[in-house]
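In: For reference, the sequence and a predicted model appear below.
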Amino acid sequence: ALLARVERLSQQWRRMLGVPADDTPPDPHAVGLLLALAYPDRLARQREGDPHRYRLSAGRGVRLEEGDPLLGSAWLSVAHLDAGNDEGRIFLAAPVRPKDLEPFGRELEVVEWDYRAGALVARREHRVGEVALSSEPLREIPEGRRAEILLEVVRSEGLGLLPWSENLRQWQARVLSLRRWNGEEWPDVSDEHLLQTLEHWLAPWLGRVSRHEDFARLDLASILTGLLPWPLPTRLDELAPTRLEVPSGSRVRLTYSPDGSPPVLAVKLQELFGLADTPRVNAGRTPVMLHLLSPAQRPIQVTQDLRSFWNTTYPEVRKELRGRYSKHPWPEDPWNAEPTRKTKRAQSS
């Protein structure tokens, strides 16, 4: 009954259009083109590496069953498939040639980050729906688009993508400490704020970044120090020095914290003989936290009151450790002893 109805309609259209009857089998590709124009969202491209699976121009995945005569066709126009959102089954389709579809596609520049390859991908595509008929590399990427994508990569993967060093993390902690101690004259260089303001401080430096490893080649030290307006770079070294000289002559590294807690000066106890007052930074306003170390570099005492340590705690420390570390000086009177980083034998030589 259905075929008879089709035949009657065909006769009517032939009479109306003056077309003679023609029983020549239709060109399958012509049928495919007709279907693609009628249902452009059902154009399907074969997925790479799997002859059964296709992607519709609307984005959905579909498949051909084993033994289907259309297996191996790179492009199909799908007339009938099952409903749903998951991968669908193709019941009826016709092959189509991409060149026949070119007049119905659109040119599109695609710039995106390929997270699997870790690279910026830029190409010009001729698309029908979501399916690319052809693709070629895009030689020039608009700088605004490049920066937008690369900054999103940094937001996604975090600031650890950039080449931080221990010295740079300490620079960050020093600036944040001065901000807490002295107010907002010092900029906010916390990770949270840096991520929120990437467009202002990082975007101008991304012109040569196109792969994951390129982030590691950025001159992060120059980028970050540029956030300090003059004369703050000079004042940073004055108010939050990286090292302090102790009585022995050693220049000992300070360790700062981004929360503004007192910086830590970890130093061998014998290097401070004769020093009464705890060293200070921030123009004398912030005492450091002393970690007084044994000869084995283990903390004996943590204090901000060095005078009290010599007067009250040192005698007990001397009593406990001078036998264990007999090569090192443990004078009864630390106030008048010579500060040293050497053993007794090295001192005498």
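Out: Arrived safely, thanks for sending. Residues are numbered from 1 along each chain as shown.

In: Report the secondary structure element holding the closest residue to D100 other than its chain neighbours.
Out: Excluding the flanking residues, the one nearest D100 by CB to CB, 6 or more residues apart in numbering is L33, at 4.8 Å. For every residue, glycine as well, the C-beta is placed using N, CA and C. Assessed by DSSP states H and E, L33 sits inside helix 28-38.

In: other SSEs contacting that helix?
Out: strand 75-81, strand 88-95, helix 98-101 (3 or more CB pairs under 8 Å, 6 or more residues apart in numbering; DSSP states H and E).

In: Please identify the most buried of those.
Out: strand 75-81 (a mean of 20; mean count of other CB atoms under 10 Å).

In: roughly how far is it from the heart of the chain?
Out: Distance, stretch centre to chain centre, for strand 75-81: 41 Å (CA atoms, centre = their mean, to the nearest Å).

In: Can you give me the buried ones in stretch 186-195?
Out: Judged by neighbour count (16 or more other CB atoms under 10 Å), stretch 186-195 contains these buried residues: W186, P187, V189, S190, L194.

In: I meant to write stretch 198-213 there.
Out: Judged by neighbour count using 16+ other CB under 10 Å, the buried positions of stretch 198-213 are L198, W201, L202, A203, W205, L206, V209, S210, H212.

In: which ones are touching the fifth one?
Out: Taking CB atoms under 8 Å, 6 or more residues apart in numbering as the contact definition, W205 lies against L218, D219, I223.

In: Out of the residues you listed, flag the one nearest to V121.
Out: Taking CB to CB as the measure, V121 lies nearest L218 of these, at 20.4 Å.

In: my read: that closest one touches L159, true?
Out: No - between L218 and L159 there is no contact under CB atoms under 8 Å: 11.6 Å.

In: sorry, back to before: assess the claim that the residue nearest to D100 and V96 are in contact.
Out: Yes - at 5.8 Å, L33 and V96 qualify as touching, with contact defined as CB under 8 Å.

In: on that earlier part again, next SSE downstream of the helix holding L33?
Out: Later in the chain than helix 28-38, the nearest helix or strand by DSSP H and E is strand 43-46.

In: what's in contact with that following strand?
Out: Counting by CB under 8 Å, 6+ apart, 36, 53-57, 62, 73-78, 90, 93, 96, 101, 128-129, 131-132 sit against strand 43-46.

In: And stretch 328-337, by the same measure?
Out: Contacts to stretch 328-337, defined as CB under 8 Å, 6+ apart, come from residues 270, 273-274, 276, 295, 310, 314, 318, 321-322, 338, 340, 343-344, 347.

In: cool, and stretch 233-240?
Out: With CB under 8 Å, 6+ apart, stretch 233-240 has contacts from 171, 174-175, 177-178, 182, 225, 228, 254, 256, 263, 281-283.

In: buried set for stretch 155-163?
Out: So, applying 16+ other CB under 10 Å, buried residues of stretch 155-163: L159, L161, L162.

In: can you pull out the helices in this structure?
Out: 2-17, 28-38, 98-101, 143-157, 166-182, 191-196, 198-201, 220-225, 232-239, 306-308, 314-321, 344-348 (DSSP state H).

In: Looking at the contacts of stretch 328-337, which gets the smallest pLDDT?
Out: Here the lowest pLDDT out of the contacts of stretch 328-337 sits on Q347, with 58.

In: just to revisit the earlier point, select, from the contacts of stretch 233-240, the two members most distant in space.
Out: Longest span within the contacts of stretch 233-240, CB to CB: T225 and A283, 21.2 Å.

In: These two: which is more packed in?
Out: Neighbours of T225 and A283, each counted by other CB atoms under 10 Å, are more numerous for T225; the result is 15 against 11.

In: Who are the contact partners of that one?
Out: Residues near T225 by CB under 8 Å, 6+ apart: W171, P233.

In: Would you format the contacts of W205 as CSV with neighbour count, distance to L9 and pLDDT included?
Out: Below are those laid out as CSV (neighbours: other CB atoms under 10 Å; distance: CB to CB, whole Å; pLDDT from 0 to 100):
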residue, neighbour count, distance to L9, pLDDT
L218, 17, 69, 96
D219, 11, 74, 96
I223, 15, 72, 96
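
In: TSV for those residues, including distance to L151?
Out: What follows is the contacts of W205, written out as TSV (distance: CB to CB, whole Å):
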residue	distance to L151
L218	13
D219	18
I223	13
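
In: hmm, back to that, would you turn the helices and strands packed on helix 28-38 into JSON lines with distance to L236?
Out: JSON lines is the format used below for those (distance: least, CB to CB, whole Å):
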{"stretch": "strand 75-81", "distance to L236": "63"}
{"stretch": "strand 88-95", "distance to L236": "63"}
{"stretch": "helix 98-101", "distance to L236": "61"}
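
In: would CSV of those with mean pLDDT and distance to D305 be doable?
Out: Formatted as CSV, the helices and strands packed on helix 28-38 follow (pLDDT from 0 to 100; distance: least, CB to CB, whole Å):
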stretch, mean pLDDT, distance to D305
strand 75-81, 91, 80
strand 88-95, 92, 76
helix 98-101, 82, 81
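
In: Just the buried residues of the contacts of stretch 328-337.
Out: Of the contacts of stretch 328-337, these count as buried by 16+ other CB under 10 Å: Q270, F273, P295, W310, Y314, L321, T340, T343.
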